[in-house]
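**Student:** here is a sequence together with a model predicted from it:
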2 protein chains.
Amino acid sequence: MSDDFPDSGVPHLTTALKGPLMHLESHLLANQTGIEAWLRAQWRETPAPVYASVDLRNAGFKLAPVDTNMFPAGFNNLAPEFMPLCVQAMQAALERACPDALGVLIVPESHTRNLFYLESLASLAEIVTQAGYEVRIGSLLDDLDAATDFTLPSGRSLRLEPLRRHDNRLHVEGYSPCAVLLNNDLSAGVPAIFEGIEQPIVPPLELGWWRRLKTEHFTEYRRVVRQFAELIDIDPWLIDPLFRNCGEIDFRNREGEDCLARNVEELLAEIRVKYAQHGIDREPFVVVKADAGTYGMAVMTAKSGDDLRALNRKQRNKMASSKGGRDVQNVLLQEGVYTFETVATLDGGEAVAEPVVYMIDHFVVGGFYRVHTGRGADENLNAPGMHFQPLAFHQPLNTPDPGREPDAEPNRFYAYGVIARLALLAAARELSQ
Amino acid sequence: MSDDFPDSGVPHLTTALKGPLMHLESHLLANQTGIEAWLRAQWRETPAPVYASVDLRNAGFKLAPVDTNMFPAGFNNLAPEFMPLCVQAMQAALERACPDALGVLIVPESHTRNLFYLESLASLAEIVTQAGYEVRIGSLLDDLDAATDFTLPSGRSLRLEPLRRHDNRLHVEGYSPCAVLLNNDLSAGVPAIFEGIEQPIVPPLELGWWRRLKTEHFTEYRRVVRQFAELIDIDPWLIDPLFRNCGEIDFRNREGEDCLARNVEELLAEIRVKYAQHGIDREPFVVVKADAGTYGMAVMTAKSGDDLRALNRKQRNKMASSKGGRDVQNVLLQEGVYTFETVATLDGGEAVAEPVVYMIDHFVVGGFYRVHTGRGADENLNAPGMHFQPLAFHQPLNTPDPGREPDAEPNRFYAYGVIARLALLAAARELSQ
């Protein structure tokens, strides 16, 4: 899809606000050796999960993760040039996680009508196959009775087979894999078929949304950032979004609304203090999202506590439901990070973009920009809509060039790779708790 | 340099003889999962050295390694697209070999007048730097009294510093590294400065040419190939050059010449049998080289025993000396493998080419063709001369495409990567002996 963009459409930072971030980027570059040594020591203590993707927001004055996905989709959006890097990292990941494995069974999400997801699944299966493993895909779909082939828009073909269990092993017809690669975020809980399985399952079931909370992740991330900020002597806020969580909320019945509005006000006040301290002349905003769950449902932005009180029934219903139909009960209030990266659109306009970074094991293997022509710099870009358009990075993230400007693409991407790995480390520590 | 080649100059196999090799390539592709699983098990038993390059010869009917270099140069000849892959593999290699290292000291060859070597050294230093290590270069040069900067044809700058020792640690002025990366093949023996050093040195000193013999390597390679050939059910000869070694030879004084000539005849006879068995209508030839040493000195080809008896004084003197001035004493006689890969030259002609494959840890990270317009299909291409011209692979070696012809580039390169890793495994086993 990136072919739709003219050459001049290479993502660029708007220049107005890049001063402080260039300072941060220079600082990360200048400390590269120390940063990498520190990260190596962290991975020795807490091994990285098999894979993850991290959504970043780049406000020019601040670069921060806003979501860490332990069961990433979107592999099809990575530039083909990055496939060898993905393959090599997957070899390292699986050699460590499942040393004896010959064959891998991927258990995907059950979105068979989402062709983008199926394309990602096909790319993931290719990566694992090229890493030298036999790969089959075992689906949890209720109504899948036999192996079913899907033909994808890319021309590739993908076979899903019904996931079965025999004693304490998962299998598909005629194939008993050594290891299970989970690409299902378990939003609705752990299906019974997984209970007591003896094959290694990576990432572990405990990283699913049935159990994981964003507040726990960002609490771990805060701890990671405190150590990291001390290491390279920066204000942790430059890479860490402020947040609060807000007990039990029932949007439909307007219970907890006052508490929510009050916390939004308090969080906005905290952000205002940081903006003043760093001389940032912007209106703060807060993002309200489900504490468990993903997929950009039940996400809203607020610039005042009243924004929460003014929700109409339809908006409240939307906030009350998330993927898998689960009612939102715990809510995360997160400092909104403006995204001031834009790409030129074909019609001569500009669209806001946010970087998404992919990691396999602790290696940064690629990324793309999530581009949304219909959304503003203070909105959630992970939203359905025909304007969503990934734009693959064509520069790898692991080869900074200190000889060039801190804002040159390889250097900006190095900064992205550092921040994304801090979020990955937080996720690894969540798991080790 | 590859820019000098027109697009149509992409290396291609001459078609006449590709039948059997396409069969081998198909066979390797069809067995990819089993091959990779087997290799993974081998690396668990015998970890790969930190890096290596392997010279292959592709005769169409046969694909075999002819030299395995444990201290590779030529990193500057790899396509820039492969740098991220090199960086990632170097991270994996050094994390395993020197888990606590922050800084690395590279000890290079002492060829300061060879700008190609210095370019390779600059590329190697970049790879290790981008992998997240502080890097300095400590030279063994006698006449280097202080840090000296070299400006290279690529525009890069390279600093060599005198290698020093304090107690049992190596250092350069003001820098005591955690680990030493050796890029010197120690042809002339292990310098005293290395004795009893407590820092980890990779690859270990024992892999230097002061101690290593090609016959030992090819003996190990033969064992590796026997197991591998059984795994995928092929005639081992298709990937293994026949060889003999020949006790002590003194070319200058014509001692051992008869034995040598007789062994050449016997080896030629063995090759003739294999050629007949596989229906190959070519004249067999034998390559005579020093059993210890590298750099393409003291290498000759022979098509009869008389070729050895007919050497004049100049030729005998050439055979008698090798890198570091060391007299040739042990000689390896190796089945010559024709190279039937050719590239188009700018003048409309064709030049013979042989693939060189680079590995870091057990990962295949890139390669290039060694092209020599002045040499024939039965000659050693690792020779000085203005026509030597590397041509970087632009396809990675770890992403075969089973949907395409076995001879399509990604698939041929997969075969190269497999055979190169068999040679790497042989080297790893040499070390574990």
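**Tutor:** That came through, no problem.
**Student:** tell me the contacts of the residue in the stretch 101-250 of chain A positioned nearest to chain B?
**Tutor:** Nearest residue of the stretch 101-250 of chain A to chain B, counting by C-beta to the nearest C-beta: A:Gly132, 2.4 Å away. Every residue, glycine included, has its C-beta placed from N, CA and C. Residues counted as contacts of A:Gly132 (C-beta atoms under 8 Å, 6 or more residues apart in numbering or on different chains) are A:91, B:32-33, B:35-37, B:39-40.
**Student:** dump the residue contacts of A:Pro108.
**Tutor:** Counted by C-beta under 8 Å, 6+ apart, A:Pro108 has contacts A:117, A:121, A:137, A:139, A:160, A:183-184.
**Student:** should've said A:Glu270
**Tutor:** Contacts of A:Glu270 by C-beta under 8 Å, 6+ apart are A:242, A:335.
**Student:** surely it is in a helix?
**Tutor:** Yes: counting by DSSP: H, G, I helix; E, B strand; the rest coil, A:Glu270 is part of a helix.
**Student:** mind listing the helices for chain A?
**Tutor:** A:18-30, A:32-45, A:83-97, A:115-130, A:214-232, A:257-277, A:305-309, A:313-320, A:409-432 (DSSP state H).
**Student:** and A:Leu242, which of the ones you listed is closest to it?
**Tutor:** Closest to A:Leu242 of the helices of chain A is helix A:257-277 (C-beta to C-beta; 5.4 Å).
**Student:** in the closest one, which residues are buried?
**Tutor:** A:257, A:260-261, A:263-265, A:267-268, A:270-271, A:274-275 (16 or more other C-beta atoms under 10 Å in any protein chain shown).
**Student:** quick check: which of the helices of chain A is nearest to A:Ala292?
**Tutor:** helix A:214-232 (7.2 Å).
**Student:** from the chain's centre, how far out does the closest one sit?
**Tutor:** 17 Å (C-alpha atoms, centre = their mean, to the nearest Å).
**Student:** A:Glu220 reaches A:Leu431, doesn't it?
**Tutor:** No: using C-beta atoms under 8 Å, A:Glu220 is not in contact with A:Leu431; the gap is 9.7 Å.
**Student:** neighbour count winner among the two?
**Tutor:** A:Glu220 (21 against 18; other C-beta atoms under 10 Å in any protein chain shown).
**Student:** look up how far B:His23 lies from that one.
**Tutor:** Distance of A:Glu220 to B:His23, given as C-beta to C-beta, to the nearest Å: 54 Å.
**Student:** and what of A:Ala261?
**Tutor:** 73 Å.
**Student:** how about A:Glu45?
**Tutor:** 50 Å.
**Student:** cool, A:Val357 as well?
**Tutor:** With C-beta to C-beta as the criterion, A:Val357 and B:His23 are 43 Å apart.
**Student:** settle it for me: which of the two has more neighbours?
**Tutor:** Comparing A:Val357 with B:His23 by neighbour count (other C-beta under 10 Å), the higher total belongs to A:Val357, at 26 against 14.
**Student:** tally of neighbours for the nearest residue to the more buried one once chain neighbours are set aside?
**Tutor:** Excluding its sequence neighbours, the residue lying closest to A:Val357 (C-beta to C-beta, 6 or more residues apart in numbering or on different chains) is A:Ala420, at 3.7 Å. A:Ala420 has 25 neighbouring residues, counting by other C-beta under 10 Å.
**Student:** is it true that A:Ala420 touches A:Leu56?
**Tutor:** Yes: using C-beta under 8 Å, A:Ala420 is in contact with A:Leu56, at 6.5 Å.
**Student:** measure the closest residue to A:Leu308 other than its chain neighbours to A:Leu332 for me?
**Tutor:** Excluding its sequence neighbours, the residue lying closest to A:Leu308 (C-beta to C-beta, 6+ apart) is A:Ala261, at 4.5 Å. Separation of A:Ala261 from A:Leu332 (C-beta to C-beta) stands at 15 Å.
**Student:** how about the residues of the stretch 101-250 of chain A by chain B?
**Tutor:** When proximity is defined by C-beta under 8 Å from any C-beta of the partner chain, the stretch 101-250 of chain A lies next to chain B at A:102-103, A:129-134.
**Student:** can you select the buried ones from these in ChimeraX?
**Tutor:** To isolate the buried members of those in ChimeraX, using 16+ other C-beta under 10 Å:
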select /A:102,103,129,130,131,132,133,134
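**Student:** tell me the one among the residues of the stretch 101-250 of chain A next to chain B nearest to B:Arg244.
**Tutor:** A:Gly132 (35.1 Å).
**Student:** mind checking pLDDT for that closest one?
**Tutor:** At A:Gly132, the pLDDT value in this model is 93.
**Student:** and for the residue nearest to A:Trp210 when sequence neighbours are not counted, the neighbour number?
**Tutor:** Using C-beta to C-beta, 6+ apart and skipping the chain neighbours, the partner closest in space to A:Trp210 is A:Gly189 (4.3 Å). Counted with other C-beta under 10 Å, the neighbours of A:Gly189 add up to 14.
**Student:** over to A:Leu140?
**Tutor:** Neighbours of A:Leu140 (other C-beta under 10 Å): 18.
**Student:** A:Leu160 now?
**Tutor:** With other C-beta under 10 Å as criterion, A:Leu160 counts 24.
**Student:** and the residue nearest to it when sequence neighbours are not counted, how far is that from A:Gly155?
**Tutor:** Computed as C-beta to C-beta, 6+ apart, the closest residue to A:Leu160 that is not its neighbour in sequence is A:Ser139, at 4.4 Å. Applying C-beta to C-beta, the value for A:Ser139 to A:Gly155 is 21 Å.
**Student:** more neighbours, the two?
**Tutor:** A:Ser139 (23 against 6).
**Student:** show me what contacts the closest residue to chain B within the stretch 301-433 of chain A?
**Tutor:** Residue nearest to chain B within the stretch 301-433 of chain A: A:Pro396 (3.7 Å; C-beta to the nearest C-beta). Each residue near A:Pro396 by C-beta under 8 Å, 6+ apart is listed here: A:82, A:85, A:364, A:366, A:410, A:413, B:83-84.
**Student:** now the strands for the stretch 301-433 of chain A?
**Tutor:** Taking DSSP state E, counting those that start in this stretch as the criterion, the stretch 301-433 of chain A contains strands spanning A:330-335, A:341-344, A:350-360, A:363-372, A:389-392.
**Student:** about what we covered before: most neighbours, which of the contacts of A:Pro108?
**Tutor:** Neighbour counts for those peak at A:Leu121, which has 26 neighbours (criterion: other C-beta under 10 Å).
**Student:** so in terms of bridging, what pairs with the nearest residue to that residue once chain neighbours are set aside?
**Tutor:** Among residues not flanking A:Leu121 along the chain, A:Pro108 sits closest, at 5.1 Å (C-beta to C-beta, 6+ apart). When assigned by DSSP bridges, A:Pro108 has beta-bridge partners A:Asn183.
**Student:** ok, A:Pro108 to A:Asn168 distance?
**Tutor:** The gap separating A:Pro108 from A:Asn168 is 22 Å, by C-beta to C-beta.
**Student:** also A:Leu124?
**Tutor:** 25 Å.
**Student:** now do the same contact list for the residue lying closest to A:Arg156 once chain neighbours are set aside.
**Tutor:** Distance criterion C-beta to C-beta, 6+ apart; nearest residue to A:Arg156, sequence neighbours excluded, is A:Ala122 at 4.9 Å. Residues near A:Ala122 by C-beta under 8 Å, 6+ apart: A:76, A:152, A:154, A:156, A:158.
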